[in-house]
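Participant: Sequence and predicted model, in that order:
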Amino acid sequence: MVRILVLRRVGLEGAGLYQAAWTLGGLYVGIILQAMGADFFPRLTASADNHATCNRLVNEQTRIGLLLATPGVIATLTYAPIVITAFYSSRFAAASEMPRWTCLGVALQVVTWPMGFIAVAKGKQALFFLSELAYSVVALGLAWACVHAFGLTGAGIAFFGSYIFHTVLTYPIARLLSGFRWSNENRMTGLVLGSLIAGGCSAVTAATGDTSTRTTIASRLSSTSFKRSKTRLSGCQRFDNITIRRMNDDECMGMGSRRRRRL
């Protein structure tokens, strides 16, 4: 459907550029999601009745997905024109902006997919179908609006926006079915990697002199993620200092008790 929208709005050449950019943007994440479906889903299904194990598996898979996807996302943000020219030709350079937006959506995709498997593993097919239907309607609506407003680049913006919606939709469902919450390690990993991605996007924007909407989004993401990461790291450091002091106090109390016993 998105290809048809691009064809009607941008033309045949735009549809060809869209196909080239989409193939490049989905190549890397396809490997990750395929491995996720082949290895992760059977293990999740086997532990579907155990909420604690189910949530632990989803958190583990989310962290693995983030660590695997982020290097590819940053590389695409930075070298998209070079990669497209290398894979195709310089005539496809006009499509270099779309993979950058697509890869921002991919970063969210590897986060939402493990949570989405919870409904399937627990046999909630109707709930899964309704959530995917809602996502499809929003994705098509965003694609129509963004392609009409921004042309070919709008298809990438719509993909990114659709996975923001998918994240907001899937997380409450996972909470309802298994009490799922992202672990502290995943929150920290997401904030740090999100800062790297947003920082890379801001660096590319500064280097190219682009003042488009991506500049504003990247700057806000970068500053917000950095502040949250700093706050989280400070909190972890305070926690570690308190823990160390308590351990030292316990050790001193233990030594005092042993001395009294000897006396």
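Facilitator: Yep, that arrived. None of the values given here were measured: they were computed from a predicted structure.
Participant: Only C-alpha atoms from now on, for both contacts and neighbour counts.
Facilitator: OK.
Participant: Let's see the pLDDT reported for G116.
Facilitator: pLDDT recorded at G116 is 89.
Participant: Now the helix or strand Y135 falls within: buried residues?
Facilitator: Assessed by DSSP states H and E, Y135 sits inside helix 125-150. Neighbour-count burial for helix 125-150, counted by 16 or more other C-alpha atoms under 10 Å, picks out 128, 131-132, 135, 138-140, 142-148.
Participant: other SSEs contacting the strand or helix carrying A35?
Facilitator: Element membership of A35 [criterion: DSSP H and E] is helix 12-35. Judged by 3 or more C-alpha pairs under 8 Å, 6 or more residues apart in numbering; DSSP states H and E, helix 12-35 is in contact with helix 2-10, helix 51-87, helix 97-121.
Participant: That one to helix 51-87, inter-axis angle?
Facilitator: Using axes from the mean of the first three to the mean of the last three C-alpha atoms, to 10 degrees, the direction of helix 12-35 lies 140 degrees away from that of helix 51-87.
Participant: All further residue positions should be reported with the first residue as 354.
Facilitator: Got it, first residue is 354 now, which makes that one helix 365-388.
Participant: on that earlier part again, quick one: the helix holding Y488 to helix 450-474, angle?
Facilitator: Using the same axes, to 10 degrees, one finds that helix 478-503 and helix 450-474 are set 170 degrees apart in direction.
Participant: okay, the angle between the helix holding A388 and helix 355-363?
Facilitator: Using the same axes, to 10 degrees: helix 365-388 against helix 355-363 is 160 degrees.
Participant: in helix 365-388, what counts as buried?
Facilitator: So, applying 16+ other C-alpha under 10 Å, buried residues of helix 365-388: 367-371, 373-375, 377-378, 381-382, 385-386.
Participant: Give me the contacts around it.
Facilitator: If you take C-alpha atoms under 8 Å, 6 or more residues apart in numbering as the criterion, helix 365-388 is touched by 356-357, 359-360, 418, 421-422, 425, 429, 437, 445, 447-449, 451-453, 455-456, 459, 463, 505.
Participant: so what does whichever helix or strand comes after it touch, helix or strand wise?
Facilitator: As assigned by DSSP H and E, the chain's next helix or strand after helix 365-388 is helix 394-399. Using 3+ C-alpha pairs under 8 Å, 6+ apart, the elements in contact with helix 394-399 are helix 404-440, helix 450-474.
Participant: Take those helices and write them to a markdown table, including mean neighbour count and distance to I526.
Facilitator: Below are these laid out as a markdown table (neighbours: other C-alpha atoms under 10 Å; distance: least, C-alpha to C-alpha, whole Å):
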| stretch | mean neighbour count | distance to I526 |
| --- | --- | --- |
| helix 404-440 | 19 | 13 |
| helix 450-474 | 24 | 8 |
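Participant: Dump those to JSON lines, plus distance to A527.
Facilitator: Output for those, formatted as JSON lines (distance: least, C-alpha to C-alpha, whole Å):
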{"stretch": "helix 404-440", "distance to A527": "9"}
{"stretch": "helix 450-474", "distance to A527": "6"}
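Participant: which helices and strands does the helix or strand in which G509 is found pack with?
Facilitator: Using DSSP H and E, G509 falls within helix 505-531. In this structure, helix 505-531 packs against helix 355-363, helix 404-440, helix 450-474, helix 478-503, with contacts taken as 3+ C-alpha pairs under 8 Å, 6+ apart.
Participant: Assign a three-state SS to G476, would you?
Facilitator: Following DSSP: H, G, I helix; E, B strand; the rest coil, G476 is assigned to coil.
Participant: confidence score at it?
Facilitator: 88.
Participant: what do you get for S443?
Facilitator: pLDDT recorded at S443 is 72.
Participant: count of neighbours near it?
Facilitator: The tally of other residues near S443 (other C-alpha atoms under 10 Å) stands at 12.
Participant: Once you drop chain neighbours, what's closest to it?
Facilitator: Ranked by C-alpha to C-alpha, 6 or more residues apart in numbering and with sequence neighbours excluded, the top spatial neighbour of S443 is I437, at 7.7 Å.
Participant: Wait, that neighbour touches S449, no?
Facilitator: Yes - I437 lies in contact with S449 (C-alpha atoms under 8 Å); the separation is 6.7 Å.
Participant: before we move on, back to that, of the helices and strands packed on helix 505-531, which approaches G509 most closely?
Facilitator: Taking C-alpha to C-alpha as the measure, these were each checked against G509, and helix 450-474 came out nearest at 4.8 Å.
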